[in-house]
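A.B. asks: sequence first, then the predicted structure:
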Amino acid sequence: MKDATDSTGSTDSPGSAGSPGSTDRAAPPAARSGIPSSAAPADSQEVSPAESPAVALTESPAVALAVAPADARAATAGRPRTNPAAPSPAGARTAADVVTPEVVAQLTRGVAGSGRTANHTPFTGKKLADLPESTPEDVAEAYARARAAQPVWAATPVRTRAAVLLRFHDLLLERQAEVLDLIQLETGKARLHAHEEVQAVAVAARHYGRRAGAYLRPRRHTGVIPVLTKTTELRHPRGIVGQIAPWNYPLELSVGDALPAFVSGNAVVMKPDTETALTALWARDLLIEAGLPEAVFQIVLGEGPVVGPEVVRHADYVSFTGSTRTGREVARGAAARLVGVSLELGGKNAMLVLHDADLDEAAAGAVRACFSSAGQLCVSVERLYVHASVADRFVERFAERTKAMRLGGSLSYGADMGSLAGERQLETVTRHVDEAVAKGATLVAGGVARPDIGPLFYEPTILDGVEPPMAVCTEETFGPVVSVYRFTDEDEAVELANATPYGLNSSVWTRDGRRGHEIAARLRTGTVNINEGYASAYGSVRSPMGGMKDSGLGRRHGSEGILKYTEAQTVAQQRLMPLAPSFGMDDGAYAELMNRSLRVMKALRLR
């Protein structure tokens, strides 16, 4: 699950999500049938709320509330409201109850920052906390502290490092109410969607806490000459991982990605988005309580153009989640220093509803796939391809469920969808919907801003009849908007789903599991879910998760999710005789011996 971030590292405004992205993704040229073109994204695409083309990100989403025009809300004023407001329970906690001066002082302890900044809540646009702001010198200091501590941590036995993750798992579940409040206040999402982050991080902590020893243990391999050559593969930590984390899933995409880095012996210098920094700081505090050495986990805060490049400049490996445009900037910075990088970037994800799908289950699944976290996650579905024979019945069921969703922003369960994270997100959503309707698309559900609930609420929206050159057809909206397209042939559906520069996530709905797997294998996305939207693949942490094409490099989860944070070393011990003429052999005799040996090894099916 993921989201947008600023260029070269800043994540101070909304953008793309993940998996649990960014909206600064460039839009490809219009294509037939309203499907994204396979052409490369154009730089003319609107800049993400979280970044700009070069090294960008200058304004946080909540700050934008004070200066952005009201046109986004005024444009939808004449449309009828549909979605009910979720009731707020009596005695519900408020931001003032949760973010106290004592809490802020505890969480910011040890953060390298000689300046001051602040974050805000999307629910009201008001300031949540004053925070330290890091300068380039502060970033260098954070790296120095991490480098001093990392060798001792790397020398700690793997089982001891893994035990920290398992204790963190238990503490997280015991004290989840604290972080659920913070996630809601910083992102605006509904509490159930905030709990998805707790689930994902707990699963990752358990998995790597239990499996790290097996992933990292020395491995014996057959040497060049069996028996005579003893070969062992060792895994060493890279050193200091520079991590740039987005705003949309501030727990999962910060500490969730850092856990395998820690258990493999690395230190981490993390730059979370300033607007969601309290969540990352809370996770750091909990990891320290679980036994992680404080200096091994450094957090720096500040504007992307200032802090982001510095995080990349000092790192031994870079982990980035955000938009494709910014990902390219990060990759260039890492490549210039010949350090590795993993990138989980954007997507224009598709869901295919086949003619034999259970329409009630598919409609309920589409609600989850399209509107979780108000659509602000990289793996969210924005394109729905439905077989023409069932399309009308599916859309009717989907619309009924969508219109019944309850919108709310209280710190409690009960709301089906929360708020957008920033004014720019609201503007993008409004622009995409209004332009599509003006050009002939049908508004099946939603299409209305809800300032009666909060400044950044927008109803979950379904569009039908979308086609080029409507922006919603090709640009990533990164909000609660989905377009419905009809198909008559499954080959056509696969072709249309693949006709995009992105390849992050997709979904297939059918009663025929074998057919579902056949179609899944033809979809060019890093994850495919059958009869689910995104959670089944993302939550299966023993399997890799990531993107194809413009959706990224590398993978999180599974063996790839931890081994990327290590350097492989091969140690080969030669015994009894050298790999050279010996025992009185001349060159010709040695060559003939090796020829015979190679034929024998093939006959013995040695690998």
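C.D. replies: Everything's here; your move.
A.B. asks: surely residue 280 is in contact with residue 271?
C.D. replies: No: the criterion here is Cβ atoms under 8 Å, and residue 280 misses it with residue 271 at 9.2 Å. Quick note: C-beta positions are derived from backbone N, CA and C, even for glycine.
A.B. asks: between the two, which has more neighbouring residues?
C.D. replies: Between residue 280 and residue 271, residue 271 has the larger neighbour count (other Cβ atoms under 10 Å), namely 33 against 27.
A.B. asks: list the helices and strands the biggest helix by length in the chain packs on?
C.D. replies: Identified as the longest helix of the chain according to DSSP state H is helix 191-216. Packing partners of helix 191-216 (3 or more Cβ pairs under 8 Å, 6 or more residues apart in numbering; DSSP states H and E): helix 158-174, helix 176-187, helix 255-263, helix 535-539, helix 558-563.
A.B. asks: select, out of these, the one closest to residue 546.
C.D. replies: Evaluated with Cβ to Cβ, the helices and strands packed on helix 191-216 place helix 558-563 nearest to residue 546, the distance being 7.9 Å.
A.B. asks: show me what that closest one is in contact with.
C.D. replies: Helix 558-563 is contacted by residues 208, 212, 215-216, 235, 260, 263-264, 541-546, 554-555 when judged by Cβ atoms under 8 Å, 6 or more residues apart in numbering.
A.B. asks: neighbour-wise, which of the residues you listed leads?
C.D. replies: Among the contacts of helix 558-563, the one with the most neighbours (other Cβ under 10 Å) is residue 260, at 32 neighbours.
A.B. asks: tell me the predicted confidence for that one.
C.D. replies: We have a pLDDT of 98 for residue 260.
A.B. asks: with residue 238 instead?
C.D. replies: 98.
A.B. asks: that one: how many residues sit nearby?
C.D. replies: For residue 238, the neighbour count with other Cβ under 10 Å is 21.
A.B. asks: re the thing from before, let's have the helices and strands packed on helix 191-216 in TSV, adding distance to residue 107.
C.D. replies: Listed next are the helices and strands packed on helix 191-216 as TSV, based on distance: least, Cβ to Cβ, whole Å:
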stretch	distance to residue 107
helix 158-174	15
helix 176-187	9
helix 255-263	13
helix 535-539	27
helix 558-563	27
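A.B. asks: of these, flag the one that's most buried.
C.D. replies: Most buried of these by mean neighbour count (mean count of other Cβ atoms under 10 Å) is helix 255-263; its value is a mean of 28.
A.B. asks: and after it, which helix or strand comes next?
C.D. replies: strand 267-271 (DSSP states H and E).
A.B. asks: who touches that following strand?
C.D. replies: 9-11, 139, 142-143, 146-147, 149-150, 153, 239-245, 254, 258, 261-262, 280, 284, 295-302, 307-308, 311, 314-315.
A.B. asks: got any residues that touch both of residue 280 and residue 271?
C.D. replies: 245, 299.
A.B. asks: sorry, back to before: distance from the longest helix of the chain to the middle of the chain?
C.D. replies: A distance of 14 Å separates the centroid of the chain from that of helix 191-216, by Cα atoms, centre = their mean, to the nearest Å.
A.B. asks: moving C-terminal of that helix, what's the next helix or strand?
C.D. replies: strand 219-222.
A.B. asks: pairing partners for that following strand, with directions?
C.D. replies: Here strand 219-222 is paired, per DSSP bridges, with strand 229-237 (antiparallel).
A.B. asks: hey, C-alpha coordinates of the strand it pairs with in PDB?
C.D. replies: Written as PDB, here are the backbone C-alpha positions of strand 229-237 (Å, rounded to 0.1, in the frame of the first residue of the first chain):
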ATOM      1  CA  THR A 229      35.700 -27.100  -3.700                       C
ATOM      2  CA  LYS A 230      33.600 -26.100  -0.600                       C
ATOM      3  CA  THR A 231      31.500 -23.000  -1.300                       C
ATOM      4  CA  THR A 232      29.400 -21.000   1.200                       C
ATOM      5  CA  GLU A 233      27.100 -18.000   0.600                       C
ATOM      6  CA  LEU A 234      27.100 -15.400   3.400                       C
ATOM      7  CA  ARG A 235      24.800 -12.500   3.900                       C
ATOM      8  CA  HIS A 236      26.100  -9.200   5.300                       C
ATOM      9  CA  PRO A 237      24.000  -6.100   6.100                       C
END
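A.B. asks: what angle separates that strand from helix 158-174?
C.D. replies: 40 degrees (axes from the mean of the first three to the mean of the last three Cα atoms, to 10 degrees).
A.B. asks: what's the next secondary structure element after strand 229-237?
C.D. replies: strand 240-244.
A.B. asks: quick one: strands adjacent to that next one?
C.D. replies: strand 267-271 (parallel), strand 317-321 (parallel).
A.B. asks: ok, which of those strands comes nearest residue 224?
C.D. replies: Closest of these to residue 224 is strand 317-321, at 30.2 Å (criterion: Cβ to Cβ).
A.B. asks: and after the closest one, which helix or strand comes next?
C.D. replies: helix 324-336.
A.B. asks: for that next one, buried residues please.
C.D. replies: Within helix 324-336, the residues that count as buried by 16 or more other Cβ atoms under 10 Å are 324-331, 333-334.
A.B. asks: same check, this time on stretch 475-491
C.D. replies: 475-487, 490.
A.B. asks: secondary structure, pLDDT and distance to residue 407 added to those, as a markdown table?
C.D. replies: Converted to a markdown table, these look like this (DSSP: H, G, I helix; E, B strand; the rest coil; pLDDT from 0 to 100; distance: Cβ to Cβ, whole Å):
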| residue | secondary structure | pLDDT | distance to residue 407 |
| --- | --- | --- | --- |
| 475 | coil | 91 | 24 |
| 476 | coil | 93 | 22 |
| 477 | coil | 95 | 18 |
| 478 | coil | 95 | 18 |
| 479 | coil | 97 | 13 |
| 480 | coil | 98 | 10 |
| 481 | strand | 98 | 15 |
| 482 | strand | 98 | 17 |
| 483 | strand | 98 | 21 |
| 484 | strand | 98 | 22 |
| 485 | strand | 98 | 26 |
| 486 | strand | 97 | 29 |
| 487 | strand | 97 | 32 |
| 490 | helix | 96 | 36 |
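A.B. asks: how far away is residue 265 from residue 288?
C.D. replies: Using Cβ to Cβ, to the nearest Å, we find residue 265 at a distance of 17 Å from residue 288.
A.B. asks: more neighbours, the two?
C.D. replies: Using other Cβ under 10 Å as the criterion, residue 265 and residue 288 rank with residue 265 on top: 24 against 18.
A.B. asks: so the more buried one sits right up against residue 160, yeah?
C.D. replies: No: checked against Cβ under 8 Å, the pair residue 265 and residue 160 is beyond contact range at 10.8 Å.
A.B. asks: list the buried residues of stretch 505-513.
C.D. replies: Residues 505-510 are the ones in stretch 505-513 that count as buried (16+ other Cβ under 10 Å).
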